[in-house]
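Trainee: sharing a model that was predicted from the sequence below.
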Amino acid sequence: MKREGAVRVDLGERSYMVLVREGLFASGDWAAHLAPLAAPGESLAVVSDEQVWALHGRLFDQAVWGKAVFCMRPGEGSKTLEMLGKVYGAFAAAGLSRNGLVVTFGGGVPGDLGGFAAATWMRGVRFVQIPTTLLAMADSSVGGKTAVDIPEGKNLVGAFHQPAMVLCDPAFLKTLPEREYRSGMAEIIKTGAIARESLFLETGRPGPIRAETLESCIRFKAEVVAADEKEGGRRRILNFGHTFGHAIEAKYRFEKYTHGEAVAAGMLLAARFGERLGVTEKGTAARIRDVLAGQGLLIEESSAGLLDYMKLDKKTAAGGVNLVLLKRIGEPEIVPVGFAELENLMREI
Ligand code: GLY
């Protein structure tokens, strides 16, 4: 029998399990995990995207309830208020009650948008995340962040709404386009870099990610979320590479790089910046560079012009940013840096 990894996200009465098992869906066992989460006769509403549904939608034939399926066009462009309105319409047509269940099936977009729809439908219904991308498995499906984008910025409208369960089957990764897979690896490497030396080394292994490595990343994230669900402090460490990364994404109008690619470039800049600032142990940036290069993620973006985008970032504090820097691998630290200092040191990296 295949080993089933189970990670508990410990949040009191909102605790839940993340099951990680290769072949969970092909075996049909997953439906039994869902069954206790919705009373018989209640509606099950699936929020997915057209591509994922075309590839894997038939798995839902095993679902024990009558179901409604809403599929959006793939891509971040679907994470809008307009699409959210359509999802509410589908929930209404399906007669989804407060005792129903929403299942998000796909990458970060159906997960974030479907999760936000679940958070707000009738003031909150239960939902299950079934991530099919590496990024969603390792990061976005765990921790309860749900959101949509508005023209003024990404993820500006959202809620913390923890799923009732996350079902994670690495077999889905086999149909993931290469670029998307690599982008997900950036979040895996990020987790290794902030978690511990051994996991960081593991993320540099060539070949497809092992279920154990994925599970270790999820376990680390679960611990961080359990300690700081609403990102008052420690959870911010999960944003290592993201401040620079968001600025890089914005500089290219979210077209040139995927989120993961921008985070990869952002981690390298953060490590170099940390070394300049004297916070990060020398040699750390070179180690991150080597692991990124080994995973086909070496993106050398200069820091030129990024400061303007950091200042525009709606989540940035006035006067400066709270940067996640590493003292060394496995030791993240949140360091407030003023824009003037940032500008000076960024010229040198
Ligand atoms: N993706 C970062 C977090 O979940 O906090």
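Mentor: Looks like it came in fine.
Trainee: list the contacts of residue 20.
Mentor: By Cβ atoms under 8 Å, 6 or more residues apart in numbering, the contact list for residue 20 reads 4, 5, 6, 7, 137, 168, 169, 170, 211, 214, 215, 218. Yep, even glycine has a C-beta here, placed from its N, CA and C like the rest.
Trainee: for the fourth one, which three-state class applies?
Mentor: With DSSP: H, G, I helix; E, B strand; the rest coil as the basis, the three-state label of residue 7 is strand.
Trainee: that one: neighbouring residues, count only.
Mentor: By the criterion of other Cβ atoms under 10 Å, residue 7 has 22 neighbours.
Trainee: same deal with the last one?
Mentor: Neighbouring residues of residue 218 were enumerated by other Cβ under 10 Å; the total is 24.
Trainee: what of the third one?
Mentor: Residue 6 is flanked by 11 other residues according to other Cβ under 10 Å.
Trainee: make a PyMOL selection of the buried ones in the contacts of residue 20.
Mentor: To isolate the buried ones among these in PyMOL, judged by 16 or more other Cβ atoms under 10 Å, type:
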select buried, resi 5+7+137+168+169+170+211+214+215+218
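Trainee: now, which of the contacts of residue 20 lie within strands?
Mentor: Counting by DSSP state E, these place 5, 6, 7, 168 in strands.
Trainee: with adjacent residues omitted, what lies nearest to the last one?
Mentor: Right, residue 168. Excluding the flanking residues, the one nearest residue 168 by Cβ to Cβ, 6 or more residues apart in numbering is residue 20, at 4.6 Å.
Trainee: separation between that neighbour and residue 112?
Mentor: 20 Å (Cβ to Cβ, to the nearest Å).
Trainee: do the same with residue 349
Mentor: According to Cβ to Cβ, residue 349 stands 31 Å off from residue 112.
Trainee: then residue 328?
Mentor: 32 Å.
Trainee: the more surrounded of the two?
Mentor: Ranked by neighbour count (other Cβ under 10 Å), residue 328 and residue 112 place residue 112 first, with 25 against 17.
Trainee: and the more buried one, that one's in a helix?
Mentor: Yes: judged by three-state DSSP, residue 112 forms part of a helix.
Trainee: isn't it up against residue 145?
Mentor: Yes: between residue 112 and residue 145 there is a contact at 7.3 Å, judged by Cβ atoms under 8 Å.
Trainee: can you list residues touching both of those two?
Mentor: 155, 158.
Trainee: re the thing from before, report the two of the ones in strands among the contacts of residue 20 separated the most.
Mentor: 6 and 168 (10.2 Å; Cβ to Cβ).
Trainee: OK, contacts around the nearest residue to residue 212 once chain neighbours are set aside?
Mentor: Once flanking residues are discounted, residue 212 sits nearest to residue 5: 7.5 Å by Cβ to Cβ, 6+ apart. For residue 5, the contacting residues are 19, 20, 21, 211, 212, 215, 218, by Cβ under 8 Å, 6+ apart.
Trainee: tell me the pLDDT of residue 5.
Mentor: Looking at residue 5, its pLDDT is 88.
Trainee: spit out the residues that contact residue 6 and residue 168 alike.
Mentor: Going by Cβ under 8 Å, 6+ apart, residues that sit against residue 6 and also against residue 168 are 18, 19, 20.
Trainee: could you dump those residues into CSV with secondary structure added?
Mentor: Below are the shared contacts of residue 6 and residue 168 laid out as CSV (three-state DSSP):
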residue, secondary structure
18, strand
19, strand
20, strand
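Trainee: nearest to the ligand, of those residues?
Mentor: Nearest to the ligand among these, counting by Cβ to the nearest ligand atom, is residue 18 at 13.1 Å.
Trainee: that closest one contacts residue 10, doesn't it?
Mentor: No: counting by Cβ under 8 Å, residue 18 does not reach residue 10; the two are 11.6 Å apart.
Trainee: looking at those two, which is more packed in?
Mentor: Neighbour count, other Cβ under 10 Å: between residue 18 and residue 10, residue 18 has more, with 24 against 13.
Trainee: which ones are touching the more buried one?
Mentor: When contacts are counted by Cβ under 8 Å, 6+ apart, residue 18 touches 6, 7, 8, 9, 141, 142, 165, 166, 168, 218, 222.
Trainee: confirm for me that residue 57 is in contact with residue 48.
Mentor: Yes: using Cβ under 8 Å, residue 57 is in contact with residue 48, at 7.0 Å.
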